[in-house]
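Visitor: Okay, sequence plus prediction incoming.
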Amino acid sequence: MRGARAAARVIALSQARNDGPVHLVVQGPHLPREDVDALSALTLAGGIEVLTRAANDAVRFENISGTAGVDEACAAGGYDWGVVPSGRSLQRVGLVAMDMDSTLITIECIDEIADFCGLKAEVAAITEAAMRGEIKDFNESLTRRVALLKGLDASALERVYEERLKLSPGAEQMLAGAKAAGLKTLLVSGGFTFFTERLKARLGLDYTRANTLEIVDGKLTGRVTGEIVNADVKARTLAETCAQIGIEPSRAIAMGDGSNDLKMMGAAGLSVAFRAKPVVREAASVAFNFVGLDALLRLF
């Protein structure tokens with residue numbers, strides 16, 4: 001896995017060099033001086049800048065010549081890394097698009113809903129297989145999972161939101177930084193509008209899209225209404241939102257964790273895999289396995 005990821009980053013380095021000098025940004029819970037020196041030697045860095053000394057360390061290695069050995073060194077130290085063009089500016093990005101479950105928030109909402117009818121393990125197994133890409137038809141996997149919720153009192157949704165839903169580390173800081181730079185925000189999820197709409201109001205998000213659970217007489221019917229938000233719909237929503245705000249998708253950032261996010265991430269100019277499944281980590285521009293979502297801000 002690390003070899004494939006390293007190869008992807010080498011490609012990113014080659015592409016970035018077409019636009020001029022490139023930097024390497026390394027982030028982690030603690031970056032001792034000896035590791036910084038070792039990474040500087042590996043990359044033949046022209047300079048070193050410490051970006052933060054808060055909860056996570058971040059160091060920019062400027063004008064690097066290569067990335068050979070960086071993936072292995074960072075994996076050993078528990079660091080995340082990414083190659084960035086020297087001229088990259090957050091202000092030139094127009095949109096940050098996020099998946100919800102296990103990306104902006106720490107839980108899979110449907111699994112927690114299922115817990116209230118004693119079926120969490122069964123539903124979670126389907127969720128996990130879908131996110132790993134083992135179940136290719138997301139519509140089918142969602143339909144199967146939602147059907148298991150039939151008859152559940154809709155009050156369980158509120159309990160999941162109030163008692164179990166937590167933001168991922170760094171989420172609020174990342175959103176604050178994005179908004180300060182003038183970016184629009186899009187939450188696009190294969191989950192449910194019950195949660196995306198509450199998060200929209202709570203976090204001041206600009207756009208949301210998700211699935212609607214059908215509720216009749218205060219009970220879940222085991223069905224969703226309208227078009228299911230699958231990988232194609234996520235990618236289309238990203239493109240439509242970019243068109244609405246007048247930017248090209250190359251000026252968007254897309255963040256996700258599961259295979260349902262891959263098409264959306266592939267359409268964006270920068271893709272971030274957050275605590276993601278292997279298939280997503282391998283495809284992303286940058287993978288955050290150890291740091292929080294606010295690490296995005298230090299790539300610019």
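Guide: Right, received. Where do you want to start?

Visitor: can you give me the helices in the protein?
Guide: Counting by DSSP state H, the chain has helices at residues 2-17, 33-43, 70-77, 109-115, 120-132, 138-147, 155-163, 171-180, 193-203, 231-245, 262-267, 278-283.

Visitor: winner for burial among these?
Guide: helix 109-115 (a mean of 24; mean count of other C-beta atoms under 10 Å). The way it works is simple: take the backbone N, C-alpha and C, and place the C-beta from them, glycine included.

Visitor: And that one, what does it pack against?
Guide: helix 120-132, helix 138-147, helix 155-163, strand 184-192 (3 or more C-beta pairs under 8 Å, 6 or more residues apart in numbering; DSSP states H and E).

Visitor: tell me the mean pLDDT over the third one?
Guide: Per-residue confidence for helix 155-163 averages out to 98 on the pLDDT scale.

Visitor: Likewise for stretch 51-58?
Guide: Rounded mean pLDDT across stretch 51-58 is 72.

Visitor: what's the answer for stretch 250-262, then?
Guide: Stretch 250-262 comes out at a mean pLDDT of 97.

Visitor: Quick check: end-to-end length of that stretch?
Guide: One end of stretch 250-262 to the other measures 15 Å (C-alpha to C-alpha, to the nearest Å).

Visitor: and what of stretch 261-278?
Guide: Here the two ends of stretch 261-278 are set 13 Å apart, with distance taken as C-alpha to C-alpha.

Visitor: Ok, stretch 158-168 next?
Guide: Termini of stretch 158-168 sit 19 Å apart (C-alpha to C-alpha).

Visitor: residues making contact with that stretch?
Guide: Stretch 158-168 has contacts (C-beta atoms under 8 Å, 6 or more residues apart in numbering) with 103-107, 109, 112-113, 116, 194-195, 198, 274-275, 292-293.

Visitor: before we move on, the earlier item: adding distance to residue 268, write the helices and strands packed on helix 109-115 out as CSV.
Guide: Listed next are those as CSV, based on distance: least, C-beta to C-beta, whole Å:
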stretch, distance to residue 268
helix 120-132, 19
helix 138-147, 19
helix 155-163, 28
strand 184-192, 11
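
Visitor: Just give me the lowest mean pLDDT stretch among those.
Guide: helix 120-132 (a mean of 90).

Visitor: Could you list the residues in contact with that helix?
Guide: With contact meaning C-beta under 8 Å, 6+ apart, helix 120-132 is reached by 102, 108, 110-112, 114, 135, 138, 141-142, 144-145, 148, 257-260, 277-279.

Visitor: roughly how far out does that helix sit from the chain middle?
Guide: 19 Å (C-alpha atoms, centre = their mean, to the nearest Å).

Visitor: Could you check how far the residue lying closest to residue 218 once chain neighbours are set aside is from residue 275?
Guide: Nearest non-adjacent residue to residue 218, counting by C-beta to C-beta, 6 or more residues apart in numbering: residue 154, 5.3 Å away. From residue 154 over to residue 275 the distance is 30 Å, taken as C-beta to C-beta, to the nearest Å.

Visitor: what about the two, which has more around it?
Guide: Set residue 154 next to residue 275 and count neighbours by other C-beta atoms under 10 Å: residue 275 wins out with 19 against 16.

Visitor: wait, doesn't the more buried one sit right on residue 288?
Guide: Yes - contact criterion C-beta atoms under 8 Å: residue 275 and residue 288 qualify, at 6.9 Å.

Visitor: Return the residues in contact with residue 80.
Guide: 26, 27, 28, 74, 286, 287, 288, 289, 290, 291, 295 are the contacts of residue 80 under C-beta under 8 Å, 6+ apart.

Visitor: Show me what it is bridged to.
Guide: residue 27 (DSSP bridges).

Visitor: Do I have it right that residue 104 meets residue 187?
Guide: Yes - using C-beta under 8 Å, residue 104 makes contact with residue 187 at a distance of 6.4 Å.

Visitor: got any residues that touch both of these two?
Guide: Joint contacts of residue 104 and residue 187 (C-beta under 8 Å, 6+ apart) are 98, 199.

Visitor: and residue 222, what is it in contact with?
Guide: If you count contacts by C-beta under 8 Å, 6+ apart, then residue 222 has 146, 147, 148, 149, 150, 151, 214 around it.
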